[in-house]
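Novice: quick one: sequence plus predicted model below, questions after.
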Amino acid sequence: MFNTLPHLAHLPAHLVLSLGLLFFFLGKTIPGIKKLPATAIFIAMLALAAALEASETGSHDLFFGMVQTDSFSRLYNQLYFIVSALVVVMLHFSDEMDRENDWENYGLLSCLILGMMFMTSASHLLMAVIAIEMVSIPSYLLVALNRKNPASKEASMKYILFGSFATGVMLYGMSFLFGMTGSLTFADIWNGLGSESVGTPIYYLAIGFTLAGMSFKVAAVPFHFWCPDAYQAAPTPITAFLSVAPKVAGLTLMMRFFADHLPVQGDSLTQMLSIVAIVTMVVGSFAALKQTDIKRLLAYSSIAHAGFLMMGVAVLNTDGRQAVFFYIPIYILMNLGAFMAIIYLAQDHDYKISAFNGAVKSNPLLVTAFAVCTLSLAGIPPFAGFVGKFYLFKVAMEKGLYPMILAAGISTVVSLYFYVSLLKVMIIDQEARTFSPLGSKVPVVFVSLCALPLVFLGLYWVPLVNWADKVRLFQ
Amino acid sequence: MSLSLVLAISAGLFALGTMMFVVKKNLIAILMGVELLMNAAALNFMGFSYYSPAKGHPLDGQVFALFVILIAAAEAVVALGIAIAVYKEFGHVSADKLSQLEG
């Protein structure tokens, strides 16, 4: 008999989320429970999970090498809890989701967060597949839940078709990895792929197909087609969530998957990953140029950012991992801030860019904060986005990946154009309509609280670098 | 039966599935293509596990194949549910006519 309790003791936050999942899906059937405030319970659950995760120490190999918890997984898990709590606040100020379904929505979000935590901790192909599915399936459903936009059903359908295709391709690739090495744990796979198999077609096919499922979660080219549609039609808070959290989870899975590679495989893997990164950056930034819908524009901007973050993955070393983690809190702040501002400014769910003409006249503070987030996304110096991009460029430069740096430079310049033209519409153009002031001041505070750290971290980023130092090694 | 025959059959299934995904216009038919992809992967796992079992873990491949079937079922449930929602909203399940979101 195998005793699971010592293993479960190292996964307290995962247990909290699992219980939360059951509670939100089944709790409604118990009479009287329905009256409890679901939002407060969800936030308390996230806080408890974050506290438990922060109190853990050491590196543990659990469940026969299926799951590994270490400083890497703990830091990323805490980021997931922070993002989720912020998105719950955003949900509160959006009327796109049915508030009566709060219980089910939070149940789906719990399942999604649990899946992301397992993606970050997985060290076995089976665990990786199940974690990816645990993230994908709730995302399909959450995208379809926009009651203000009938196209959300269409977007969800496209999302699910591309998603299951990517999963199928990934499973096929994994079956070849299994066949070539006879093992499923990440470390054994790389040990099994000796120097005689490196560079053979089947080697590239197996790893490339396995990478497909992960790049679908990151929305990297060529698995990005679902992204603009899903982001445009999903409820805006869910769009903000999807543009940050599952993307980060996919990157962490990639980093852990490739971390144990042998030196002889290093060059071929860097080559594959940098091709994906280059194509993603270029396609993301050029396709954004002709967008007229602001959510679609931010979707392409998030594709380009996935490419930037892939630069840090492609170098396959500890500096790369640190640079990726350094950029992620900054990315979270600027993306969530921008989306919150859009929720507040949009009227009648019209997200055409032209509908935001002259928004600065009626909402000066909000548009200023939005401008900080946008300029930071573009990577303009005084803001934190510049520092984050600088570190990613630096690790790529040290590795000598010059084509990738060139592509990143071009992509940065092109993306500057559409970010600035977005700001021009909001600030310089004449007001097209009157912006009725909304009752609550909380969204303005929310966006300002996203923008202020961006300015601060752009000038003094030492605390963040020190924090990111912990993800260098899996310990 | 040999391992190469199993691999050939699964490669055929994979090619058929990919072709259905690209060529078919009906959402349900596209889903059937995706199921073929998953089954190709499951067949591969079975073949590898039967002809060259992993040392120490001889059942790894077969357990993985079971999980592949499970994942395919879970995705099919959600996909068909969304397909019903699409049918209620638009009155058809044709991929060509779903073109509200483009740009």
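Specialist: That came through, no problem. Residues are numbered from 1 along each chain as shown, chains lettered A, B, ... in the order given.
Novice: write out the residues of the stretch 151-300 of chain A neighbouring chain B.
Specialist: Residues of the stretch 151-300 of chain A lying close to chain B (CB under 8 Å from any CB of the partner chain) are A:151, A:153-158, A:160-161, A:163-165, A:167-169, A:171-172, A:174-176, A:178-179, A:182-184, A:228-229, A:232-233, A:290-293, A:296. Where C-beta positions appear, they are placed from N, C-alpha and C, glycine not excepted.
Novice: pull out the buried residues from these.
Specialist: Among these, those buried by neighbour count (16 or more other CB atoms under 10 Å in any protein chain shown) are A:151, A:153-158, A:160-161, A:163-165, A:167-169, A:171-172, A:174-176, A:178-179, A:182-184, A:228-229, A:232-233, A:291, A:293, A:296.
Novice: inside helices: which ones of those residues?
Specialist: By the criterion of DSSP state H, membership of those in helices covers A:151, A:153-158, A:160-161, A:163-165, A:167-169, A:171-172, A:174-176, A:178-179, A:228-229, A:232-233, A:296.
Novice: just for chain B, where's the confidence low?
Specialist: Applying pLDDT under 70 to chain B picks out residues B:103.
Novice: at 90 instead, please
Specialist: Counting by pLDDT under 90, chain B contains low-confidence residues at B:1, B:52-60, B:89-90, B:92-103.
Novice: find the residue at the geometric middle of it.
Specialist: The C-alpha lying nearest the average C-alpha coordinate of chain B belongs to residue B:35 (CA atoms, centre = their mean; 2.6 Å).
Novice: in the helix or strand containing that residue, what's buried?
Specialist: According to DSSP states H and E, residue B:35 maps onto helix B:27-51. By neighbour count, with 16+ other CB under 10 Å as the criterion, the buried positions of helix B:27-51 are B:27, B:30-31, B:33-49.
Novice: keep the residues you listed, but drop any that are not near chain A.
Specialist: Counting by CB under 8 Å from any CB, the members of the buried residues of helix B:27-51 near chain A are B:27, B:30-31, B:34, B:37-38, B:40-42, B:44-45, B:47-49.
Novice: and residue 21, what does it touch?
Specialist: Going with chain A. Contact partners of residue A:21, counting by CB atoms under 8 Å, 6 or more residues apart in numbering or on different chains, are A:107, A:110, A:111, A:114.
Novice: oops, wrong one, chain B.
Specialist: Shown here is residue B:21, whose contacts under the criterion CB under 8 Å, 6+ apart are A:161, A:165, B:30, B:33, B:34, B:37.
Novice: and residue A:68, that one's in a strand?
Specialist: Yes - read with DSSP: H, G, I helix; E, B strand; the rest coil, residue A:68 is one of the residues of a strand.
Novice: surely it touches residue A:475?
Specialist: No - the pair residue A:68 and residue A:475 fails to qualify as a contact (CB atoms under 8 Å) at a distance of 10.7 Å.
Novice: and the two? which has more neighbours close in?
Specialist: Under the criterion of other CB atoms under 10 Å in any protein chain shown, the comparison of residue A:68 against residue A:475 puts residue A:68 first, with 24 against 11.
Novice: what residue in the stretch 301-450 of chain A comes nearest to chain B?
Specialist: Residue of the stretch 301-450 of chain A nearest chain B, by CB to the nearest CB: residue A:352 (10.9 Å).
Novice: got a list of what that residue touches?
Specialist: Under the criterion of CB under 8 Å, 6+ apart, the neighbours of residue A:352 are A:292, A:293, A:294.
Novice: please report the distance of the last one from chain B.
Specialist: So that's residue A:294. Note on residue A:294: its distance to chain B, by CB to the nearest CB, to the nearest Å, is 12 Å.
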